[in-house]
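Participant: output the structure for:
(2 chains)
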Amino acid sequence: MSETEKIPAKQMLRDVVDMVYREAQEAKDRGEPVGWSSSKFPAEFTEALGLKVVYPENQAAAISAKKGGQRMCEHAEAMGFDNDICGYARISLAFADGAECEEKPMPQPDFLLCCNNICNCMTKWYENVARMHDIPLIMIDVPFNNEKEPSQAQVEYMKAQFKAAVEQLEKIAGRKMDEEKFNQACANANRTARAWLKACSYLQYKPSPLSGFDLFNHMADIVTARCKVEAAEAFEALAEEYEERVKEGTSTWKYDENYRIMFEGIPCWPVLRTLFEPLKEKGINTTAVVYAPAFGFVYEDIDGLAKAYCKAPNSVCLETGVEWREGICRENKVDGILVHYNRSCKPWSGYMPEMERRFRKNLNVPVVSFDGDQADPRNFSEEQYKTRVEGLFEIMEEEAAKKERV
Amino acid sequence: MYTLGIDIGSTASKCLILKDGKEIVSTSTVSVGTGTTGPKRALEEVLKNAKMAIEEMDFIMATGYGRNSIDIADDRMSELSCHARGAVFLFPNVKTVIDIGGQDIKVLKINSQGMLENFVMNDKCAAGTGRFLEVMARVLEVEVVELGKLSKQSTKEVNISSTCTVFAESEVISQLAKKTEIVDIIKGIHRAVASKVAGLAKRLGVEEDVIMTGGVAKNEGIVEALESEIGKNIRVSEYTQHVGALGAALFGYKKAKKKK
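Facilitator: Here you go, the predicted model:
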């Protein structure tokens, strides 16, 4: 392809996610089994077995962003699920129940892949779907990491579960897993992760060649397609584009970059623009999001793979969580932190007060929080959010003026 | 040089005129806030009190929940910075500002240079705010301004939940049905507000001097309950309801000086 015909990385990334869902639908139409998977289930196994898988968390985020979240949540509530339960879970349970959903259709599941590294609500959510559809649920249980590194016993526990999962998946696929294909899937996953980390690393440039909000959208690929070579290629293209932008002095953030912040937590998908606008107006670029370290995992062997899947935002101890965040805050030179207290995600929000305290102490930057929800718009107040962002901006202004005086 | 601070909250509109960034010339308060005639009436009143015209103002700074609805304002700032600045003007050694507004609670941390360093606010729930007190006063059939005085007469405090305004209201009703003394219920309500606010304040760390701002600070029962919850003395200015407007006028003065 000539230089002039080069497809923008953003388009490539979108095409990859579309491909995942399209291929799953095609498989379903052919009568092949299609799975639903939690976002951090080892996709290497299904990829090696050629099983098509779609991702309810990604689907729920897309539905929410297209304003269907509340309708789906209310459907789940009418089924008897409490409004305190994760919004993604409610949306997915509503979809599994057959609720009409034009925002992001996908095939209904024939089997389920649940790894509770991402959260424990996931287990009950998937158990409910399994019962509703009377289909197999393949579970990988990840104990909470109360130490920084998983122990060898934990690695062995994970590997034993991998073995059992592969046996179950082989039955579903009707074939044995090919070792070579598995190695290729692992190689692809590592290549994708490296490219993703590289793309994220451009946030360290000042001014940044990208808005951190871009990464919220690109997350879809690292979740749904990390074992696919197309995802690796798209992220490599994205990193190249950022490299170009650094050289040219341009950015996907088209506004002033007066200040740089970390946005903590999953964004409020139904009101993404509302989140973005006050930041844009004040020239506050988001240059740190926790997804880079959380999903950019590289490993060398099966033990490394087991360890990698032990680590997700809600399965690591406070110390690791703080280390991840403070690392990207320092690298990406943030002036403040905006914390989303996500009503959908109690484990994530639960340790935030202590994290906030540590951020203030260790990073010496203002930390401001707001209430919201990743999927249910009823839990967000625009005015409250705006006031908090303005407050954060005014403190950063004062801090900058103080530094100038010194 | 005259600067005008306009603080439009959810339940009250407050204005203050400041001379040369030092002298408070006049104030006004109207007990309705954004979206009502309150802002206009408060503005007319503050000018009338000062015997001045709007044209004489060198800078108009709006703050509060309704700040964006004030068209005549030269600029706008959040109530967080304005409360901090106003509090530092009145109490130069302030380190912690607690403001209970109509529908939010703010705790501000002030650094040694008198700058706003950090803040915490309530979540998306009105428990513990001015509105909470209004609801309770209505159920008890007393005026909200009388709550402080009445709580002084209490001999026995009753426990009222602080988690939800609606449930707290039901608790108050059931206490009334049990013929519990109104003054004891009021004391319990004050404790409920204080424990909610103290929980937020402790998250940020409470350092003296502690200043309370906003209309609720006029309620000595709340101030007392809060002092007991945080274990520190709380100071309140006679301008407590105008601290936000004062801060806005001070920021306005700074901007006006820069312009000249």
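Participant: which positions in chain B make contact with chain A?
Facilitator: By C-beta under 8 Å from any C-beta of the partner chain, the part of chain B that sits against chain A consists of B:65, B:77-81, B:104, B:113, B:115-121, B:123-124, B:203. C-beta here means a position set from N, CA and C on the backbone, and glycine is covered the same way.
Participant: so residue B:15, which of the three states?
Facilitator: Of the three states, residue B:15 takes strand under DSSP: H, G, I helix; E, B strand; the rest coil.
Participant: burial of it, as a residue count?
Facilitator: With neighbours defined by other C-beta atoms under 10 Å in any protein chain shown, the count for residue B:15 comes to 30.
Participant: doesn't residue B:3 make contact with it?
Facilitator: No: under the contact definition of C-beta atoms under 8 Å, residue B:15 does not touch residue B:3, with a separation of 11.3 Å.
Participant: correct me, but residue B:183 touches residue B:153?
Facilitator: Yes: Residue B:183 sits in contact with residue B:153 when judged by C-beta under 8 Å, with a separation of 4.4 Å.
Participant: between those two, point out the one with more neighbours.
Facilitator: Neighbour tally, residue B:183 and residue B:153, criterion other C-beta under 10 Å: the higher count belongs to residue B:183, 21 against 12.
Participant: what separates the more buried one from residue B:190, distance-wise?
Facilitator: Per C-beta to C-beta, to the nearest Å, residue B:183 is found 11 Å from residue B:190.
Participant: quick one on the thing from earlier: in helices only, show me the residues of chain B next to chain A.
Facilitator: Residues from these lying in helices, with DSSP state H as the criterion: B:79, B:80, B:81, B:203.
Participant: for the first one, list the residues it contacts.
Facilitator: Applying C-beta atoms under 8 Å, 6 or more residues apart in numbering or on different chains, we find residue B:79 in contact with A:387, B:7, B:9, B:63, B:64, B:65, B:67, B:99, B:101, B:106, B:244.
Participant: within range of chain B, give me the residues from chain A.
Facilitator: Of all the residues in chain A, those in contact range of chain B (C-beta under 8 Å from any C-beta) are A:341, A:353, A:356-357, A:360, A:366-369, A:371, A:379-381, A:383-384, A:387-388, A:390-391, A:394-395, A:398-399, A:402.
Participant: tell me how many other residues crowd residue 201.
Facilitator: I went with chain A, as the question did not name one. Using other C-beta under 10 Å: residue A:201 sits among 16 other residues.
Participant: actually, chain B is the one I wanted.
Facilitator: Residue B:201 is flanked by 25 other residues according to other C-beta under 10 Å.
Participant: over to the one 4 residues further on?
Facilitator: Each residue near residue B:205 was counted by other C-beta under 10 Å, and the total is 13.
Participant: just say helix, strand or coil for residue A:85.
Facilitator: At residue A:85, secondary structure determined by three-state DSSP is coil.
Participant: so which of the residues of chain A next to chain B belong to strands?
Facilitator: Using DSSP state E, A:341, A:367, A:368, A:369, A:371 are the members of these that sit in strands.
Participant: among the residues you listed, which one sits closest to chain B?
Facilitator: Taking C-beta to the nearest C-beta as the measure, chain B lies nearest residue A:371 of those, at 4.3 Å.
Participant: list the beta-bridge partners for the closest one.
Facilitator: residue A:341 (DSSP bridges).
Participant: OK, contacts around it?
Facilitator: Listed by C-beta under 8 Å, 6+ apart, the contact partners of residue A:371 are A:341, A:343, A:379, A:380, A:381, A:384, B:123, B:124.
Participant: again with residue A:359
Facilitator: Contacts here follow C-beta under 8 Å, 6+ apart; on that basis residue A:359 touches A:322, A:325, A:326, A:329, A:337, A:365, A:367.
Participant: now neighbour count and pLDDT too, for those, in CSV please.
Facilitator: Written out in CSV, the entries for the contacts of residue A:359 read as follows (neighbours: other C-beta atoms under 10 Å in any protein chain shown; pLDDT from 0 to 100):
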residue, neighbour count, pLDDT
A:322, 18, 95
A:325, 25, 95
A:326, 18, 96
A:329, 24, 96
A:337, 23, 97
A:365, 20, 94
A:367, 24, 94
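Participant: which pair of those residues spans the longest distance?
Facilitator: Considering C-beta to C-beta, no two members of the contacts of residue A:359 lie farther apart than A:322 and A:365, which are separated by 13.8 Å.
Participant: which residue is nearest the centroid of the chain?
Facilitator: With no chain named, the answer covers chain A. Centroid check for chain A by C-alpha atoms, centre = their mean gives residue A:219 as the closest residue, at 5.3 Å.
Participant: I was after chain B.
Facilitator: If you average the C-alpha coordinates of chain B and look for the closest C-alpha using C-alpha atoms, centre = their mean, you land on residue B:214, 1.7 Å from that point.
Participant: name the nearest residue to that one, ignoring sequence neighbours.
Facilitator: The shortest distance from residue B:214 to any non-neighbouring residue, by C-beta to C-beta, 6 or more residues apart in numbering or on different chains, is to residue B:99 (4.5 Å).
Participant: helix, strand, or coil at that neighbour?
Facilitator: Relying on three-state DSSP, one would call residue B:99 strand.
Participant: these two touch, right, it and residue B:86?
Facilitator: No: with contacts defined as C-beta under 8 Å, residue B:99 does not count as touching residue B:86, sitting 9.9 Å away.
Participant: neighbour count winner among those two?
Facilitator: Using other C-beta under 10 Å as the criterion, residue B:99 and residue B:86 rank with residue B:86 on top: 33 against 28.
Participant: so that one sits against residue B:250, correct?
Facilitator: Yes: under the criterion of C-beta under 8 Å, residue B:86 is in contact with residue B:250, at a separation of 6.8 Å.
Participant: the stretch 1-150 of chain A: strands as residue ranges?
Facilitator: Along the stretch 1-150 of chain A, the stretches classed as strands by DSSP state E, counting those that start in this stretch are A:34-37, A:52-54, A:111-115, A:137-140.
Participant: list residues touching both of residue B:183 and residue B:190?
Facilitator: Among the neighbours of residue B:183, those also in contact with residue B:190 (C-beta under 8 Å, 6+ apart) are residue B:151.
Participant: where does pLDDT dip in chain A?
Facilitator: Low-confidence segments of chain A, defined by pLDDT under 70, span residues A:1-4.
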